[in-house]
Every structure is written in structure tokens, then in C-alpha cells.
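> next one to model:
(one chain, ligands or ions: 1)
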Amino acid sequence: MSELLLVTADRAILPSGQSGATSILADDGLIIAVGAPNDVAQDPRAAIAHRVDWSRRAVVPGTVNTHNHSFQSLLRGIGDDLPFLEWRDKALYRYSPRLSAEDMATAALFAFGEMLLHGVTTVCDFYYLNAQGNDHASATIEAARRLGIRMVMARCFYDWDGAPAAYRETIPQAVAHYESLHKRYRDKARHLVTVQPAPHSQHGATPAMIEAGAGCARDAGEPWHIHLAEESYQVDQSLARFGKRPLHAVSELDVDMSNMIAVHGCWFDAGERALLADRGGALAYCPGSNMFLGDGVTDIVDLVGRGVRIGLGTDGGCSNNRVSVFDEMRAAALLQKVHRTNGQAIDAETCFALGTRTAGEVLRIPVGQIAPGQRCDLVALDLDDPSLWPVQALEKNVVYALSSRAITDVVVDGQEVVTARRLTNVPLDEVQARVAELTRDWRRE
Ligand SMILES: [Zn+2]
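So this is what the prediction gives:
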């Protein structure tokens, strides 16, 4: 017997542009009807559906976080404001190699639990603490399942010998582990867990390792992720090692760029942006993290104009340090406007799409819009919260003015995972106690 859900709210952000009272009918987590409450009520399935009443609330699509490192939430505040190499050695390399599978679950409950409370319904975790196995990645996936958040496990391919041993694998190890994890969690029906390959970067993965990751993506029919051109010195390194700028160097490898998701791309020049568009590659864009670390400004206005698919990401909890895609919508808009000294450089509607619809397209999962055929991932916003007034400008206000205080309820795949501002499936007290215990002796010094 299928599970029917009927959600009704006073306002909505819909692809049709309609924004009045709306009902959404879902069958086993799939949206099957959207419309005015009286129209949807005509559907005989609506009569027997479980009803969720979001009156005095607006329903918007769940947000999609295309780039994160969940374990980094544990390091929040520990290495802030340090030069990158000091942050890496004193925080990242000092604490991350000691984490166990259970600690990874704690990190994921913390990062993903906080994200759910901020309206993130899909998170992509770019995951490089694999310790030559899948125990850590599996513990992270199980934590996501427990919370009820939708997850993409971007399993890393990493072989740079300057990093801690816990990050590194041989090419055969990385390929075998990717394939077994992908097989174990394959979920093409509900897309609640998706496993995608992620060769770390030009500095974290050799060209052969990058090709291995892209090859696994081709075999699995999934996109692949890679950090590129985040900081300017990485362009210099690529020129020195390969005689080409980062994207040009990658394009010379045996890889398919049409299913590539480049992460950051702050220093892509016009030639690289044209190449990305030409090959049909996508971008995960993390404006909050790029500002926090002083990386640079990706030219999103140009890339959107060229038709490149772009999704927003929060990046790790110690390089932002927030976990809200709504915040990234605002950050993206403001950063592009100031970079071009032009208040019309990009608009709220475009930035809203970057955090919802096009982010779903980047990850190739049917999420990000409230429409039939999409998975039922929804967020309720409290219309009595002053950050959304006046409500007739709802979409502008969601991007530019929304307070996270207004986020009251979250549905993922037709299941209520946040109700009345509380996680439904995992007590926040438990997460708090686990984080406090794990990080008790961690110091900023
Ligand atoms: Zn990253």
C-alpha cells in the first residue's frame, strides 16, 4: 500500500509563478499533483492522504547543498582566521585523522541535523576521510538515513602523499571501494542515497587517479566532483606542473567533462569558463566559504549567461561557518553585485534557483522544484515572522531577508523530518552530548 501525503500552505514558490494557497499531493515521496487546494482536493487520492496543515506558512522547495565536508563541522571555530597552511596543520591534519567511524556518525548527525533545521533537504558530502575502506562513509550515510535527509556521498579519490595516511588510497583501492559503496547504496527509486566519485583536486589526486574517478563515474552513470582553481596559487601550480591552467589541464585527461562537477572555480579565466560551458560541465559554487577563506570570486554572472548548470554549496562547517543554503543565495547575490559594482548583476530569482532547481540538476537528482515528477522535499516558512514581510514579495524576501527563525517544518521524500522547529527522528540533545564529548579536549592553539 502506498503512502499518500497532502500538504497545504497559504503561500508557495512554484515553477508556474503562482504563489497563492497551494496543496501538494505525494505518493511514496513522489509529487503527483500541485495546485489550488480545491483543485487538488478533487483527486480521489487526496481524500485518503495523511494531511499536513501548513496554514500561516509558505511552502518552498527544500534547498540543495551541492558541496560540504560534514566532519569539518566538528572543527568549527578551531582554526578560524589562520593562514591556510596553519589551519590545515593545526586543525585539519591534527584532529581529523583520529576520527573513528562512530565519530564520523557524530559529525554527520551534527552537520546534517543543523542543515535540516536550516531547510537543507539534500546534501552532497565530499568525503575524503575514508581510511582505506568504507566504514567511515557508511557510518556517515547511516547517520543521514537516521535523520531522514537526502544525501549524495561524493566518495573521494585521493593519493597525494603529503596528506595524512587516513586520506590516501591506491588507485585499485579507491576504485574497488567506490564500486562496492555504489552497489550497496544504489537507490534509483527514491534517490535518498546516491554515491558519486570525487577525485579530490589537482593537488590531492594524480592525473591517473582523476581518470580513475571519472572512469568510475562513466561506468556508474553518475556525475563526478573535483575541486578546481579555488585559490590563485593552484593556477600557478597547474601551470608549473602541466603547462596549462586547471580546467584545460583536466580537459586533456581521459575524462568526460559533460558529467563533471567542478567545485569553486574562483580563478577560472574566460577561456576556462567557455570550455566548461562548451563541454556541458557543471559547477558547485560556495560563495560563503570563498569569502571566509579569502579565495576569490567565481564569475557566476558570466557562467549563468553561458548556460552552465550551477548549484550552491556551504562547504565545510569550519570554512563558512554556516550551513544554510538560504544564506548562500544571499551571499551569492551580494558577492556578485559588489564584485561587478552593479546592483543589477544578478537577481534574487536566479540565486533562489541556484540553491534549489539547478542544484538538483547539477547532482542529477529529481529535486529542487515543487512539481509533479519531483521527489517531495519541502520547507515551511512562518509567514508571521517579520523577516518575510511584506509577504507579497516572498521570493525576494526569502533570498535577501529570511531569518532561519522562520523555518518551521521540513519534509524529505514525503516524510516529516522537522516539525515545529525540532528534528523528528533524532533528539538534538543526543547530538549535542556526542559533539561535546568528542571535542572535549580539542583546542584552538
Ligand atoms: Zn571542498
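
> tell me how many other residues crowd Ala47.
Neighbourhood size, Ala47 [other Cβ atoms under 10 Å]: 11. Any C-beta I mention is one placed from the backbone N, CA and C, and that applies to glycine too.

> now do the contacts for it.
For Ala47, the contact set (Cβ atoms under 8 Å, 6 or more residues apart in numbering) comprises Ala41.

> roughly how far apart are the closest residue to Val412 other than its chain neighbours and Gly414?
Counting by Cβ to Cβ, 6 or more residues apart in numbering, Val412 lies nearest to Thr121, which is 4.9 Å off, once chain neighbours are set aside. Look at Thr121 and Gly414: by Cβ to Cβ, to the nearest Å, they are 11 Å apart.

> try Leu99
33 Å.

> and what of Ala436?
For Ala436, the distance to Gly414 - Cβ to Cβ - is 34 Å.

> go on, Ile365?
Counting by Cβ to Cβ, the gap from Ile365 to Gly414 is 15 Å.

> ok, Asp278 next?
Note on Asp278: its distance to Gly414, by Cβ to Cβ, is 39 Å.

> what do you get for Leu275?
40 Å.

> got a pLDDT number for the residue nearest to Val412?
pLDDT recorded at Thr121 is 99.

> is it true that it lies in a helix?
No. Read with DSSP: H, G, I helix; E, B strand; the rest coil, Thr121 is strand and lies in no helix.

> number the residues from 828 up from this point.
That works, and once the first residue is 828, the last one we named lands at Thr948.

> go ahead and confirm it touches Arg977.
Yes. The pair Thr948 / Arg977 is scored as a contact, 5.8 Å apart, by Cβ atoms under 8 Å.

> okay, and the common contacts of the two?
Common neighbours of Thr948 and Arg977, using Cβ under 8 Å, 6+ apart, are 889, 1194, 1204, 1239.

> who wins for neighbours among those?
Neighbour max across the shared contacts of Thr948 and Arg977 (other Cβ under 10 Å) = Asp1204, 33 neighbours.

> how much space between the residue nearest to Val1239 and Asp1268?
Relative to Asp1268, Thr948 is positioned 34 Å away (Cβ to Cβ).

> for the stretch 878-1027 of the chain, what are the low-confidence residue spans?
The model of the stretch 878-1027 of the chain has no residue with pLDDT under 70.

> which residue packs closest to Met980, ignoring adjacent ones?
Val1022 (4.8 Å).

> next helix or strand past whichever helix or strand the one you found is part of?
Using DSSP states H and E, Val1022 sits within strand 1020-1026. Tracing the chain past strand 1020-1026, the next element assigned as helix or strand by DSSP H and E is helix 1034-1047.

> circling back: since we're on the residue nearest to Val1239, how many residues are nearby?
The tally of other residues near Thr948 (other Cβ under 10 Å) stands at 29.

> quick one: residues contacting it.
889-891, 976-977, 1194, 1204-1206, 1237-1239.

> swap in Gln899?
919, 938, 1143-1146.

> identify the farthest-apart pair in the residues you listed.
Leu919 and Ala938 (15.3 Å; Cβ to Cβ).

> who has more neighbours, these two?
More crowded of Leu919 and Ala938, by other Cβ under 10 Å: Ala938, with 30 against 23.

> what packs against the helix or strand encompassing that one?
Remark: Ala938 resides in helix 928-944, with elements defined by DSSP H and E. Using 3 or more Cβ pairs under 8 Å, 6 or more residues apart in numbering; DSSP states H and E as the contact test, the elements touching helix 928-944 are strand 890-895, strand 947-954, helix 962-974, strand 1234-1239, strand 1242-1246, strand 1249-1250, helix 1255-1265.

> try it again with 7 Å
With contacts defined as 3 or more Cβ pairs under 7 Å, 6 or more residues apart in numbering; DSSP states H and E, the packing partners of helix 928-944 are helix 962-974, strand 1242-1246, strand 1249-1250, helix 1255-1265.

> as a markdown table, those with mean neighbour count and distance to Phe1153 would be great.
Conversion of the helices and strands packed on helix 928-944 to a markdown table gives the following (neighbours: other Cβ atoms under 10 Å; distance: least, Cβ to Cβ, whole Å):
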| stretch | mean neighbour count | distance to Phe1153 |
| --- | --- | --- |
| helix 962-974 | 21 | 19 |
| strand 1242-1246 | 20 | 14 |
| strand 1249-1250 | 17 | 18 |
| helix 1255-1265 | 14 | 20 |
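
> so which of these comes closest to Asp1081?
For the helices and strands packed on helix 928-944, proximity to Asp1081 was assessed by Cβ to Cβ; helix 962-974 is nearest, at 25.6 Å.

> just how off-centre is the closest one within its chain?
Distance of helix 962-974 from the chain centroid (Cα atoms, centre = their mean, to the nearest Å) equals 16 Å.
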